[in-house]
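A.B. asks: sequence plus the predicted model coming up.
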Amino acid sequence: AARLVGGAGSGIALVGLLGFVLAPLYWMTVTAFKSDDQITARTNDLWPTPWTTEQFTNLFSGKEFGTWYLNTILVSVASTVIALVCAALAGYALARLKFRGSESFTVTILLTYVMPGALLFIPLYQMMSGIGLNDSLWSLVIVYPTFTLPFATWLLVGYFRSIPADLEEAALVDGCTRFGAFRRIVLPLAKPGLLAVALFTLTNAWNEFLFAFVLITKEDYKTLPVGMQSMIFGDVVPQGQLAAASLLISIPVVLMYGFGQRFLTEGLTAGAVKG
């Protein structure tokens with residue numbers, strides 16, 4: 001009886017938590033398909049009457065939303081590639097190569113990740129101004145890895161250490177170079193870790209607001225978070241258009257995690273060694 005009551009209590013708690021998480025998503029979705037008249041009148045708040053794509057049409061007509069979307073994709077992909085390459089090389093070096101201070105350096109990398117971004121945007125802004133990259137997408141491509149790379153490196157250090165070193169030593173004995181062993185042996189086995197890092201860095205770059213707000217002022221170079229903020233004029237908040245934009249922004253993230261989850265589980269058994 002006690003186990004049954006405990007199971008029922010856990011189920012109720014999970015349902016409540018699920019409802020708490022999904023309620024804003026539901027509200028965003030239904031608001032995106034309401035008309036401006038229905039949003040203003042506050043009639044049938046929980047359901048569009050009728051369903052309309054008016055908000056999506058208004059979002060793309062006369063606004064730079066398409067440009068913001070493209071800018072976000074370019075910046076996110078470019079910064080993720082840079083962070084992934086650098087984190088893989090640095091993580092492997094810290095996991096396999098023995099040198100003085102390697103352990104303390106690994107801890108230092110993680111400590112840099114917990115430093116608040118509010119302390120970094122002023123010096124980073126001055127650096128970007130010094131090299132003439134303000135109001136340029138390149139400034140975001142360079143800046144974003146500074147706060148994703150430390151955690152990505154720390155994560156990959158632990159993942160590389162979980163891969164048996166005997167596999168690389170066998171490759172070295174067979175005449176493979178250190179970099180060749182890294183590319184042919186370690187990277188294929190580290191696909192789940194690399195994918196987790198890619199999803200982490202891509203999501204952070206996709207949703208980042210502070211640095212994009214500070215470094216970008218021109219309309220043609222804004223990313224989605226900053227562009228959406230500029231849609232609000234004083235106390236006039238276009239709820240329908242913001243809901244439609246939020247829905248369009250969230251879809252790629254959901255697809256990325258849905259796509260990546262399958263490969264994360266599949267990659268865990270990659271590289272099994274027959275003894």
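C.D. replies: That came through, no problem. Residues are numbered from 1 along each chain as shown.
A.B. asks: sticking with A205, tell me its helix or strand.
C.D. replies: helix 191-207 (DSSP states H and E).
A.B. asks: same for that helix, what does it pack against?
C.D. replies: With contacts taken as 3 or more C-beta pairs under 8 Å, 6 or more residues apart in numbering; DSSP states H and E, helix 191-207 sits against helix 65-96, helix 137-161, helix 239-267. In this view, the C-beta of every residue, glycine as well, is placed from N, C-alpha and C.
A.B. asks: ok, now with 10 Å
C.D. replies: In terms of contacts (3 or more C-beta pairs under 10 Å, 6 or more residues apart in numbering; DSSP states H and E), helix 191-207 is packed against helix 65-96, helix 137-161, helix 187-189, helix 224-230, helix 239-267.
A.B. asks: distance from the chain centre to the third one, please.
C.D. replies: I take that to be helix 187-189. A distance of 22 Å separates the centroid of the chain from that of helix 187-189, by C-alpha atoms, centre = their mean, to the nearest Å.
A.B. asks: mind listing what's buried in that helix?
C.D. replies: L189 (16 or more other C-beta atoms under 10 Å).
A.B. asks: kindly report the same for the fourth one.
C.D. replies: Neighbour-count burial for helix 224-230 flags 224-228 (criterion: 16+ other C-beta under 10 Å).
A.B. asks: repeat that for the second one.
C.D. replies: Taking 16+ other C-beta under 10 Å as the basis for neighbour counts, the residues of helix 137-161 that come out buried are 137, 139-157, 159-160.
A.B. asks: swap in the longest one?
C.D. replies: Applying a neighbour-count criterion of 16+ other C-beta under 10 Å, one finds 65, 68-69, 71-72, 75-76, 78-80, 82-84, 87-88, 90-96 buried in helix 65-96.
A.B. asks: then the last one?
C.D. replies: Going by neighbour count (16+ other C-beta under 10 Å), the buried part of helix 239-267 is 240-249, 252, 260, 264, 267.
A.B. asks: which of those residues sits closest to L120?
C.D. replies: Of all the buried residues of helix 239-267, I249 has the smallest distance to L120: 24.5 Å, by C-beta to C-beta.
A.B. asks: leaving out the residues flanking it, which one is nearest to the closest one?
C.D. replies: L224 (5.5 Å; C-beta to C-beta, 6 or more residues apart in numbering).
A.B. asks: show me the contacts for the one you found.
C.D. replies: Contact analysis of L224 by C-beta atoms under 10 Å, 6 or more residues apart in numbering lists 65, 68-73, 75-76, 206-209, 212, 245-246, 248-249.
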